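Engineer: Below are the sequence and a predicted model for it; my questions follow.
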Amino acid sequence: MTQELADMLVRDELDFISCDRLSKLKPEAMTRGHRFGNWMLVKTMNVLFSMKLKDSQTGMWVFRREVWPKLEVISDGMPFSEEIKIEAWKKGFRCREVAVDYRPRIGEIKLNTWGDGRRNLFYLFKKRWGSPTPED
């Protein structure tokens with residue numbers, strides 16, 4: 001999958017590709033609660049930042065090396081994944097979201113459902129109207 005994304009980046013002259021896990025989501029791959037949380041977070045992000053993403057929380061992305069220094073990403077926690085997408089799209093890079101297969105995780109889920117979800121939601125509002133800090 002990574003090679004396919006890298007090839008697409010070059011072939012289609014893109015700067016940033018974010019993967020969309022939710023469009024092809026296997027029902028057993030994510031709980032209803034996590035699906036709802038993802039839906040709520042992506043809708044909030046799309047409204048606040050005038051975006052049209054389908055998956056704001058995926059940590060699967062590929063980008064050109066020269067993109068990173070131009071992004072103003074300060075989060076070092078769970079909001080990092082949404083912030084990198086906001087920055088890439090808002091800075092005007094050539095971005096695309098690509099649907100990928102997402103299957104059940106092997107091993108333990110490390111997500112703190114309510115804590116991480118709340119932190120990500122608040123971070124979106126702080127990023128839009130406030131001044132987010134790395135620990136947010």
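Structural biologist: Arrived safely.
Engineer: Now do residue 112, the pLDDT please.
Structural biologist: For residue 112, the model assigns a pLDDT of 70.
Engineer: Please tell me how far it sits from residue 118.
Structural biologist: Per Cβ to Cβ, to the nearest Å, residue 112 is found 9 Å from residue 118. Backbone N, C-alpha and C define where each C-beta goes, glycine included.
Engineer: swap in residue 131?
Structural biologist: Residue 131 sits 19 Å away from residue 118, going by Cβ to Cβ.
Engineer: swap in residue 52?
Structural biologist: Taking Cβ to Cβ, one finds residue 52 at 24 Å from residue 118.
Engineer: Between the two, tell me which one has more neighbours.
Structural biologist: residue 118 (13 against 8; other Cβ atoms under 10 Å).
Engineer: On the three-state scheme, residue 13 is what?
Structural biologist: Each residue gets one of three states, and residue 13 gets coil by DSSP: H, G, I helix; E, B strand; the rest coil.
Engineer: Quick check: the residue nearest to it when sequence neighbours are not counted vs residue 88, distance?
Structural biologist: Leaving aside its chain neighbours, residue 13 sits nearest to residue 94 (6.5 Å; criterion: Cβ to Cβ, 6 or more residues apart in numbering). Look at residue 94 and residue 88: by Cβ to Cβ, they are 9 Å apart.
Engineer: In terms of neighbours, single out the busier of the two.
Structural biologist: Neighbour tally, residue 94 and residue 88, criterion other Cβ under 10 Å: the higher count belongs to residue 88, 23 against 14.
Engineer: The more buried one falls within a helix, correct?
Structural biologist: Yes: assigned with three-state DSSP, residue 88 falls within a helix.
Engineer: and it, what does it touch?
Structural biologist: By Cβ atoms under 8 Å, 6 or more residues apart in numbering, the contact set of residue 88 is 15, 16, 18, 63, 67, 71, 95.
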